[in-house]
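take a look and give me a structure for this.
(one chain, ligands or ions: 2)
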Amino acid sequence: MKLNLFDSHVHSVQSHDGQSATGELCAWALDHGVMGVCVTDHFECDIPDQQADIEKTLREVALLQEKNKGRIRMTRGIELAQGHLFPETAAGLLDKMDFDFVLGSVHCATPGTDIGVINFNDPAVKVSQVLESYFQSSYEMAKQGQFDAMAHFGYPERYIWGKYRIPVNFLPYEEVIQETLRLLVEGGKGLEVNTSGYRQGLGKTIPVLGILKRYFQLGGRIVTLGSDAHRAEDIAADFDVAMDILTGIGFQYFAFYRERQPVMLKLI
Ligand SMILES: [Zn+2]
Ligand SMILES: [Zn+2]
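Ligands and ions are numbered 1, 2, ... in the order given. I've put the predicted structure just below:
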């Protein structure tokens, strides 16, 4: 039985790469004692064919919540990517729909191309340029602040090391990382601990331990847990490991969001 587990980053089949219907996500979570799931389908502001029908997801989630009241908490989310490049699109979405949780993501180093599809074996691709542009974009997104928690901060490593086994050094970006974290803390924004790296060859959380420590040292206390599951079976995967890492740093609580406000739960 998994107690006190809330997964704040799960995709349904409405995402271009999702495999499970919202009902399947809910049923799996109920069967495995997961207390809550936030469905965060993709909306890539700069990639029109990767924009889920968010209104449909929200309707389905609300129905599931109603049907399973008192047994599980299903919350209405979105993974809003590259929102800082399209502030009006982002603002329009956030105005139009009622969200519990807005996960802010940067997936692209160059608009329109997810870092996950770049061929890092191509000599024309410069890892340093991708990282530089990624961290700068993350900083811009933090500055703009149209989200509740920043998703998978350090995302390129999932592919550069996780898939291509090219070592990644974050040292040259220390300053921009620090400033991004400072903006998050000052803005009362959360930082996601994404566990997908354990299933995708990276073997660690995103962000890495050093970045989580830095957020804590700067006064950040709002961490959400996200499996980034694209199928029901991956919900809350490796949350035990993530919780141990967080308690090791000094965190006592993690958060999920309800009506855009963090609700703190004890780390177990
Ligand atoms: Zn993502
Ligand atoms: Zn995701």
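
residues touching the longest helix seen in the chain, excluding its own?
Using DSSP state H, we find that the single longest helix of the chain is helix 127-144. With C-beta atoms under 8 Å, 6 or more residues apart in numbering as the test, helix 127-144 has contacts from 82-85, 87, 104, 106, 108-110, 115, 118, 120, 147, 150, 153, 155-156, 160, 166, 168, 170, 172-173, 176-177, 179-180, 183-184, 187, 189. Where C-beta positions appear, they are placed from N, C-alpha and C, glycine not excepted.

quick one: secondary structure of the residue lying farthest from the centre of the chain?
Relative to the centre of the chain, the most outlying C-alpha is that of Pro123, 30.0 Å out, by C-alpha atoms, centre = their mean. With DSSP: H, G, I helix; E, B strand; the rest coil as the basis, Pro123 sits in coil.

where does it land on pLDDT?
pLDDT for Pro123: 96.

then the one 5 residues further on?
If you check Ser128, the pLDDT there is 97.

quick one: the helices in the chain?
Along the chain, counting by DSSP H, helices occupy 22-31, 54-67, 87-96, 127-144, 156-160, 174-186, 209-217, 239-249.

looking at the ones you listed, which is nearest to ligand 2?
Relative to ligand 2, the nearest member of those by C-beta to the ion is helix 156-160, separated by 10.9 Å.

CA-only coordinates of that closest one, as CSV, when you get a sec.
What follows is helix 156-160, C-alpha atoms only, in CSV (Å, rounded to 0.1, in the frame of the first residue of the first chain):
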residue,chain,number,x,y,z
PRO,A,156,18.3,17.9,-21.6
GLU,A,157,20.3,15.5,-19.5
ARG,A,158,17.5,12.9,-19.8
TYR,A,159,18.5,12.6,-23.4
ILE,A,160,22.1,13.7,-23.6
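
need the contact list for the closest residue to ligand 2 within the stretch 51-200 of the chain.
The stretch 51-200 of the chain approaches ligand 2 most closely through Glu79 (4.8 Å), counting by C-beta to the ion. Shown in contact with Glu79 (C-beta under 8 Å, 6+ apart): 9, 11, 15, 40-43, 103, 105, 151.

nearest to Asp31, of those residues?
Distance to Asp31, by C-beta to C-beta, is smallest for His11 among the contacts of Glu79, at 18.8 Å.

how many other residues sit next to that closest one?
26 (other C-beta atoms under 10 Å).

unless I'm mixing things up, it is touching Ser227, no?
No. Contact between His11 and Ser227 fails when scored by C-beta atoms under 8 Å: they sit 9.8 Å apart.

one step back: can you check which of the helices of the chain gets nearest to Arg231?
Nearest of the helices of the chain (C-beta to C-beta): helix 22-31, 8.4 Å.

list the buried residues for the closest one?
Residues of helix 22-31 classed as buried under the neighbour-count rule (16 or more other C-beta atoms under 10 Å) are 22, 25-30.

and stretch 200-211, by the same measure?
Here stretch 200-211 shows 202, 204-208, 211 as buried, counting by 16+ other C-beta under 10 Å.

tell me the two of those residues that are most distant?
By the measure C-beta to C-beta, Leu202 and Ile211 form the most distant pair in those, at 13.8 Å.

residue of the stretch 101-250 of the chain closest to ligand 2, please.
Using C-beta to the ion, the closest approach of the stretch 101-250 of the chain to ligand 2 is made by Asp228 at 4.4 Å.

check that residue and give its pLDDT.
Predicted confidence (pLDDT) for Asp228: 98.

excluding residues flanking it in the chain, which one is nearest it?
Nearest non-adjacent residue to Asp228, counting by C-beta to C-beta, 6 or more residues apart in numbering: Ser196, 3.9 Å away.

fine, thanks again, bye for now.
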